[in-house]
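1. Following is a predicted model, sequence given first.
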Amino acid sequence: MLAYIIRRLLIAVPVLLGVTIINFIVINLAPGSPVEMMIDPNTPPADIEAKKDALGLNDPLYLQYIHWLVDVFKGNFGFSLTTYQPVAQMIGERIGPTVTLMGLSLIVGLAIAVPLGIISATRQNSKLDYLATGGSFLGISIPNFFLALGLIYVFSLELKLLPSGGMITLGGDGGFVDRLKHLILPVLVLGTGIAGKKIRYVRSSVIDILGQDYLRTARAKGVREFMVVNKHALRNALIPIVTVIGLEVPILLGGAVVTEQIFSWPGIGQLTMGSIMNRDYPTLMALNLLAAFMVLAANLLTDIIYSVADPRIKYK
């Protein structure tokens, strides 16, 4: 297992390098420059060029990329072109709220999807099956922004039960309960989308396993149906489920961008949108590198979980 992990890490290095090259090219192909967002429109052209020279924006693209890459290997991600703060510091302050939001959303989504998927598989063509399947399609079909605005209208504006945005209440104590209230709506938005997709995967995986001979043998030996389904069938159905969970990380990252904007959640998604709008190139490059790293780490973790879920899988 250790040798396999080392090989995967060695493969990840050129992948991350390729991602940074593509991101750098795409970012610099966009019209305009960061200087246009920083200065008065009436600034003389000579001053604009002087500012570009100071930031290194007039250098050839390959030199700009090499300078950035060398700094990254030194642990320096540069400074934001809008706030003038270290990029690493800005990301460090915001990664915690995003990881919390994504982690809780994944837990809530799976807590809904796994039981409903099992019930739907064991009671095919029943009312519960139709209800779970219909809920799955509904969860997939509703856009994040629409569901977010709907929940804000109902629970914040009409019922006044939950806050409409932010991570803590201004002037409040910022305690656990306060933070939890602010988490409920964004977690529901992201968790609903996850549950909608995963119910179908759990259902189909369990249905495939339920017809296997070893389960019929277990029933013939008098094993209770609860144990047959939740111990023997579910564990063997975990492999395809684990696969789609691993693929959920990039989807969660994309959904968090929209959700964090709507709920004013001070995370990576909100920072990404602000960096795009302000053409903050150093921050965007660091954020893209972080996203690529998180996706690769999730894929590696998925492979490790494979071997835990199915002991027959061995990595050399």
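-> Perfect, I can see it now. Numbering: from 1, shown residues only.

2. where does the stretch 101-250 of the chain dip in pLDDT?
-> Within the stretch 101-250 of the chain, the stretches with pLDDT under 70 are 172-174.

3. Now do the helices in it.
-> Along the stretch 101-250 of the chain, counting by DSSP state H, counting those that start in this stretch, helices occupy 127-141, 144-151, 176-210, 213-220, 225-227, 234-236, 238-246, 248-262.

4. JSON lines for these, including distance to residue 120 and mean neighbour count?
-> C-betas here are computed from N, CA, C, even on glycine. As requested, those are arranged in JSON lines below (distance: least, C-beta to C-beta, whole Å; neighbours: other C-beta atoms under 10 Å):
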{"stretch": "helix 127-141", "distance to residue 120": "4", "mean neighbour count": "15"}
{"stretch": "helix 144-151", "distance to residue 120": "22", "mean neighbour count": "16"}
{"stretch": "helix 176-210", "distance to residue 120": "5", "mean neighbour count": "20"}
{"stretch": "helix 213-220", "distance to residue 120": "17", "mean neighbour count": "12"}
{"stretch": "helix 225-227", "distance to residue 120": "16", "mean neighbour count": "11"}
{"stretch": "helix 234-236", "distance to residue 120": "13", "mean neighbour count": "16"}
{"stretch": "helix 238-246", "distance to residue 120": "14", "mean neighbour count": "18"}
{"stretch": "helix 248-262", "distance to residue 120": "20", "mean neighbour count": "20"}
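
5. Pipe those helices into a markdown table and attach distance to residue 3 per row.
-> Output for the helices of the stretch 101-250 of the chain, formatted as a markdown table (distance: least, C-beta to C-beta, whole Å):
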| stretch | distance to residue 3 |
| --- | --- |
| helix 127-141 | 39 |
| helix 144-151 | 41 |
| helix 176-210 | 30 |
| helix 213-220 | 32 |
| helix 225-227 | 37 |
| helix 234-236 | 26 |
| helix 238-246 | 21 |
| helix 248-262 | 25 |
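
6. among those helices, which is nearest residue 54?
-> helix 248-262 (30.8 Å; C-beta to C-beta).

7. Would you mind pulling the contact partners of that closest one?
-> 98, 101-102, 105-106, 144-145, 148-149, 152, 165, 186, 189-190, 193-194, 197, 265-270, 272-273, 291, 294-295, 298 (C-beta atoms under 8 Å, 6 or more residues apart in numbering).

8. which of the residues in whichever helix or strand comes after it are buried?
-> Downstream of helix 248-262, the first helix or strand assigned by DSSP states H and E is helix 268-277. Going by neighbour count (16 or more other C-beta atoms under 10 Å), the buried part of helix 268-277 is 268, 269, 270, 271, 272, 274, 275.

9. closest to residue 303 among those?
-> Nearest member of these to residue 303, counting by C-beta to C-beta, is residue 268, at 24.7 Å.

10. wouldn't that closest one be in contact with residue 290 here?
-> Yes - contact status for residue 268 versus residue 290: in contact at 7.3 Å, counting by C-beta atoms under 8 Å.

11. could you dump the buried residues of helix 268-277 to CSV with pLDDT and distance to residue 157?
-> Listed next are those as CSV, based on pLDDT from 0 to 100; distance: C-beta to C-beta, whole Å:
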residue, pLDDT, distance to residue 157
268, 90, 27
269, 86, 23
270, 87, 22
271, 89, 27
272, 88, 27
274, 86, 26
275, 88, 30
